[in-house]
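Trainee: Task: produce atomic coordinates for the following.
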Amino acid sequence: MRYNDTPAKSAEYLRQALPLMTKQHTALHPVSYAVWYEYVAGINKTLKEQVDALTAQQRLLDEDTTWQLYCRHIADINEDLARNISVEIDQVLTNMANSAEVAGDQASRFGNSLARLAIELAQNDTSGLAQMRQDAHEMQDAVSTLKHRLEQSQQEIKRLEQEVSLAREDALSDGLTGLSNRKGFDLALAQHLAKLNDDSRGICLLMADIDNFKKINDTYGHVFGDKVIQTVAEILRTNIKGSDLAARYGGEEFVVILPETPLEGACALAEKIRSTIARSRILRNGQDEVLESITVSFGVSRYQPSESVKDFIVRADRALYESKHQGRNRVTVA
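Mentor: Below you'll find the predicted structure:
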């Protein structure tokens, strides 16, 4: 269960969330409420930081941005994994607390021994020295044990962090190509757009679609079709750099995010990738037969200030289908 608030507390969060929700360019649906509920409840630090960064720019959240926030900060890890990790973290914290409690009790006893010894020494009585040595030895053992358990807990926390990181990567990766999947693309694009400012060179988007892919599948089979998709994905991967991101958008369609890239540079990259793919030849598995060249059509758009994420993508998509209409294997600018 993600939320454990009492009815009274959840009613208070509802009262705080509704005014914030109604100010946005988003309908009052469950996804929007989940974002603002976690925001006002203060249970999702990274979500709050992202929302504060957006609102600091005097931006109202639209449907696209709200959905990206939900995917990125609320729904990105499956419930079973989150539950298991939560249980393990609770156990780590319990062990640390128990170890600290033991060390604290021992320190208290050691402090009492020191007080008694001080009184005895003031009275020229040294009979408590032996007990003091024993208490000091026990204190040393307790501190050593605490240090060891804290080191173990630190290693366990690192392991859990790695598990979360891997789970997040798996959730955002396409299984066939290893590129980002649609969700990974949506999140990355939202993050880049949130960082835009007056000094940015802008963001460009490439949309690509393998030409006549249905014919390839029908003629050579789906296994070979998958090989074609993987080949195109690898060419995309090897031609991007830095903070660029390539993703499989669905089926035989791909997208590439090019932050801090002028339109001319985006067009040049699209043309380079297009020609590289057109020159490539793919062998069928277990045969010497070389397939005729594979071609890809491209659409390119540059983000325009204040447009929605949806409109940005739609413009690139329309340019892509203009390339298809003009004969395929070409680059068209929105």
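
Trainee: show me where pLDDT drops low in the stretch 51-200 of the chain?
Mentor: Within the stretch 51-200 of the chain, the segments meeting pLDDT under 70 span 75-170, 198-200.

Trainee: show me where the stretch 201-334 of the chain has strands.
Mentor: Taking DSSP state E, counting those that start in this stretch to define them, one finds strands in the stretch 201-334 of the chain at 203-210, 245-250, 253-259, 296-302, 331-333.

Trainee: can you tell which of these is closest to M21?
Mentor: Each of these has some distance to M21 by C-beta to C-beta; the shortest is strand 203-210, at 27.8 Å. From N, CA and C alone the C-beta is placed, and that goes for glycine too.

Trainee: Outline the domain layout of this protein.
Mentor: 7-73, 79-171, 182-333 (automatic domain parsing).

Trainee: now A208: how far from V296?
Mentor: 5 Å (C-beta to C-beta, to the nearest Å).

Trainee: shared neighbours of the two, which are they?
Mentor: V232, I273 (C-beta atoms under 8 Å, 6 or more residues apart in numbering).

Trainee: got the contact list for the closest residue to K23 other than its chain neighbours?
Mentor: Using C-beta to C-beta, 6 or more residues apart in numbering and skipping the chain neighbours, the partner closest in space to K23 is L60 (6.6 Å). The neighbours of L60, taking C-beta under 8 Å, 6+ apart as the test, are K23, Q24, H25.

Trainee: Angles on the backbone of L60, please.
Mentor: Dihedral pair for L60: phi -90, psi 140, per degrees, to the nearest 10.

Trainee: coming back round to it: need the strands of the stretch 201-334 of the chain in TSV with distance to A11, mean pLDDT and mean neighbour count, can you?
Mentor: Formatted as TSV, the strands of the stretch 201-334 of the chain follow (distance: least, C-beta to C-beta, whole Å; pLDDT from 0 to 100; neighbours: other C-beta atoms under 10 Å):
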stretch	distance to A11	mean pLDDT	mean neighbour count
strand 203-210	41	96	25
strand 245-250	41	94	22
strand 253-259	41	96	24
strand 296-302	45	97	25
strand 331-333	52	97	22
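
Trainee: for these, which one sits closest to F224?
Mentor: strand 203-210 (12.4 Å).

Trainee: What strands line up against that closest one, and which way round?
Mentor: Applying DSSP bridges, strand 203-210 is found paired with strand 253-259 (antiparallel), strand 296-302 (antiparallel).
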